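Student: Here's my sequence, what's the structure:
(chains A and B)
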Amino acid sequence: MTGAAIEANGLGMAYGRRRGRALSDCSFRLPAGRICALVGPNGAGKSTLLALAAGLLRPTEGSVRVLGSTPAEARARIAYVAQDKPLYPQLTVADTLWAGAELNPATWDRAAADRVAGPLPQDAKVRTLSGGQRTRLALALALGKRPELMLLDEPMADLDPLVRHQLMGVLMAEVAEHGTTIVMSSHILTELEGACDYLLLVEGGRVRLGGESEDILAAHAVLTGQVRDLAPHTVVESRTTGRQLTALVRKEGPLDDTAWDVTEPSLEELLLAHLRSPEAPALLTPSARARAREEVVAA
Amino acid sequence: MSTLTALRGPARVVVRQHRWTLWIAGGLALLTVAGLIALALRSAHVAEVFAASECRTDGADGNRECMQVASNYLDSMFTYRRLFEDVALALMALPVLLSGFVAGPLIARELETGTFKLSWTQSVSPARWLAARLAVPAVLLLAGTGVVSASLYQARSHTESPYPSEWHAMRVFSTTGTVLAGHVLFALCVGALIGILVRRTLLALALSVLVTGAVGVAFAGLRAHLWPPSTVSGTSLDVRENIWWVETGHLTGTGERLSQDVCADVSESARARCFADNGITGHYLDYHPASHFWPLQLVETGILLALAAVAVTVAFRLLRRRTG
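Tutor: Prediction:
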């Protein structure tokens, strides 16, 4: 088994008493070398999870290990792009890239940064850039750092489809060439579908689905047929129209395809079904399960 | 600028981020030094011309034409002295402005606008980020205030003035020796702590200006008590030149100290009677001779540095606790 890019154990984060908990008892493991979609509704805890992994926050409970060490120790090997794409407004584009080189002297890759920042006006002040241009510059800084793990919080939200496609291509090339792990959060799944081979669904501060997208899809089925008992399968969501039953189930044994019309759900169907059914149990594939805390400490 | 290019990553980025502030501050410092040199040369020239005229300011020359000459000379020298005092006042205000700048634009603004998320996720730890934000202004400000206060000292003592500045006058004491450096470092560290605690640019700036200003005023009022004063006593006091009066009052036969206010509003003729009624047999004066200059300077500087060390330690601890 390859090393873990992120491993969370009982991770919890509370921002003071009034604002409640952003994460609670959150445990999962993300193997290295994956492109992971971190999805969930607004306020699910996605940004908090990324900020904890980036070492910007200290968890109030549990622990998170990144690339085999603490987030603070792994700082030079992680790139993080926050949702609001913070950049120094008084610097120019060229100055910002220069600052990237100054602040990451050991790993800075000018060519990688220029591949993304190339189309930007080099002498423009950051404060005059559009949302899409800011995203481009923030991603250029992240890529120029040549990290082992990229944490991107809603990276594509400000981009038009054409640019989104192009930048996704650059990120994919990065992964293919250097084996970089990428975690991208979004509340719009279709934005990431197709690009990601790993999935983390976060809701209410917990991981509800985690693992290889294919394995998660394969673990579920949409059954259509006459109303009858669905046991032994776990029902995520079911709907009856007259005597017709449509159910999205988690398979707990062989499916009786004489009784049911069986199809594989789309990723979007699967996620929406889980979001609509908060009582459905969590599913983590073996690669996404955090080792017990003692094992982590021993390792 | 060649020294700046030698600074490493985060420090160079701080310099680049705030280069306009640095250019303006550097320009003002240069202008001030140039102004002081011009002022010193001008006052030396005026004093020379007056000496050559063989007139005297006390009218002892008996020459009526000299009255105008002497009056012009005194006016000029008074103006120059006032200008020196203004520069001294600006130097005293500098730590207060500095702490506001460090707390607000330099630190709290990054925390308020979220650019800390960029700064802290490069290969530089938050601790080094803060260290750069302390080191750059510390080096530049210590060098700048050092040059300006040395120029001021030189310019002030360049010529024999009819309005000499006394070593213990607030504006002189505050801008000579080591206390100015102490106030600069204190202001810097308190600014950093408040910036990290408050995380709102304007609030941090205002709070930091208030705290540093209050500490500056407190030291100006209390600094005479930071070293035990010398005392003279007797029936009539032999008052020396060039001393800092701390406190004066009456002594009773038993050695008890009475306030100067006792018998203060009694007429001259009734005073002896009043003294006798209160048992006053003599007077005392607590004062600092000029030799106390360095002990007073060093004690004040030491207290400021200790406070600065506490503030900066707490600031780094807070940062570490927040980010892990």
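Student: Counting neighbours, what do you get for whichever residue of the stretch 151-299 of chain A sits closest to chain B?
Tutor: Using CB to the nearest CB, the closest approach of the stretch 151-299 of chain A to chain B is made by A:Leu151 at 8.3 Å. No exception for glycine: its C-beta is placed from N, CA and C like everyone else's. For A:Leu151, the neighbour count with other CB atoms under 10 Å in any protein chain shown is 31.
Student: do you know how far it is from A:Val126?
Tutor: 21 Å (CB to CB, to the nearest Å).
Student: ok, back up a step: where does the residue of the stretch 151-299 of chain A closest to chain B fall, secondary structure wise?
Tutor: In the assignment (DSSP states H and E), A:Leu151 maps to strand A:149-152.
Student: Repeat that for A:Ala142.
Tutor: Going by DSSP H and E, A:Ala142 is in helix A:131-144.
Student: Mind listing the strands the strand holding A:Leu151 pairs with, and their directions?
Tutor: In the sheet, strand A:149-152 lines up against strand A:78-81 (parallel), strand A:181-186 (parallel) (DSSP bridges).
Student: ok so, going back, what pairs with the residue of the stretch 151-299 of chain A closest to chain B across the strands?
Tutor: Legend: beta-bridge partners of A:Leu151 under DSSP bridges are A:Tyr80, A:Val183.
Student: and it, what does it touch?
Tutor: Counting by CB atoms under 8 Å, 6 or more residues apart in numbering or on different chains, A:Leu151 touches A:50, A:53-54, A:78-81, A:183.
Student: all helices of chain B, in order?
Tutor: Remark: helices assigned in chain B by DSSP state H are B:2-5, B:9-17, B:19-52, B:65-101, B:109-113, B:116-119, B:126-156, B:170-173, B:179-198, B:201-222, B:268-278, B:293-323.
Student: Of these, which shows the lowest average pLDDT?
Tutor: Of all the helices of chain B, helix B:2-5 carries the lowest average pLDDT, namely a mean of 38.
Student: which ones are touching the residue nearest the centre of chain B?
Tutor: Nearest residue to the geometric centre of chain B (CA atoms, centre = their mean): B:Ser174, 2.7 Å. Taking CB under 8 Å, 6+ apart, we find B:Ser174 in contact with B:88, B:91-92, B:180, B:183, B:220.
Student: So which of those wins on neighbours?
Tutor: B:His183 (28 neighbours).
Student: The nearest residue to A:Arg289 once chain neighbours are set aside: neighbouring residues, count only.
Tutor: Leaving aside its sequence neighbours, A:Arg289 sits nearest to A:Arg29 (CB to CB, 6 or more residues apart in numbering or on different chains; 6.1 Å). Other residues within reach of A:Arg29, judged by other CB under 10 Å, total 24.
Student: Quick check: A:Asp95 touching B:Val13?
Tutor: No. Using CB atoms under 8 Å, A:Asp95 is not in contact with B:Val13; the gap is 9.0 Å.
Student: rounded to a whole number, what's the mean pLDDT of stretch A:13-32?
Tutor: On average, stretch A:13-32 scores 85.
Student: Please identify the buried residues of it?
Tutor: A:13-14, A:21-24, A:26-32 (16 or more other CB atoms under 10 Å in any protein chain shown).
Student: follow-up on the earlier one: take the strand holding A:Leu151, keep the C-alpha atoms, and write them as PDB.
Tutor: The C-alpha trace of strand A:149-152 is given here as PDB (Å, rounded to 0.1, in the frame of the first residue of the first chain):
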ATOM      1  CA  LEU A 149       0.000  17.500  -2.200                       C
ATOM      2  CA  MET A 150      -2.200  20.300  -3.600                       C
ATOM      3  CA  LEU A 151      -5.200  21.400  -1.500                       C
ATOM      4  CA  LEU A 152      -7.500  23.400  -3.700                       C
END
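Student: Helix or strand next in line after it, which one?
Tutor: By DSSP H and E, the next helix or strand past strand A:149-152 is helix A:161-178.
Student: Quick check: which helices or strands does that next one pack against?
Tutor: Judged by 3 or more CB pairs under 8 Å, 6 or more residues apart in numbering or on different chains; DSSP states H and E, helix A:161-178 is in contact with strand A:35-39, helix A:110-117, helix A:131-144, strand A:181-186.
Student: can you pull the contacts of the residue lying closest to B:Glu110 once chain neighbours are set aside?
Tutor: Of all residues not flanking B:Glu110 in the chain, B:Phe116 sits nearest, at 4.6 Å (CB to CB, 6+ apart). Neighbour list for B:Phe116: A:56, A:86, B:110, B:126, B:129 [criterion: CB under 8 Å, 6+ apart].
Student: gap between B:Phe116 and A:Val81?
Tutor: Going from B:Phe116 to A:Val81 by CB to CB gives 14 Å.
Student: Could you check how many residues crowd around residue 142?
Tutor: In the absence of a named chain, this looks at chain A. 27.
Student: let's do chain B instead
Tutor: So B:Leu142, with other CB under 10 Å, has 15 neighbours.
Student: so it sits right up against B:Ala181, yeah?
Tutor: Yes. Between B:Leu142 and B:Ala181 there is a contact under CB under 8 Å: 5.8 Å.
Student: Can you tell me how far the spatially closest residue to A:Leu159 that is not a sequence neighbour is from chain B?
Tutor: Spatial nearest neighbour of A:Leu159, chain neighbours left out: A:Gly132 (5.2 Å); criterion: CB to CB, 6+ apart. From A:Gly132 over to chain B the distance is 18 Å, taken as CB to the nearest CB, to the nearest Å.
Student: List the residues that contact A:Gly132.
Tutor: So A:Gly132 contacts A:158-160, A:163 (CB under 8 Å, 6+ apart).
Student: Please tell me I have it right and A:Arg164 contacts A:Met156.
Tutor: Yes. Counting by CB under 8 Å, A:Arg164 does reach A:Met156; the two are 4.9 Å apart.
Student: ok, the two, which is more surrounded?
Tutor: Shown here are A:Arg164 and A:Met156; by other CB under 10 Å, A:Met156 has more neighbours (23 against 18).
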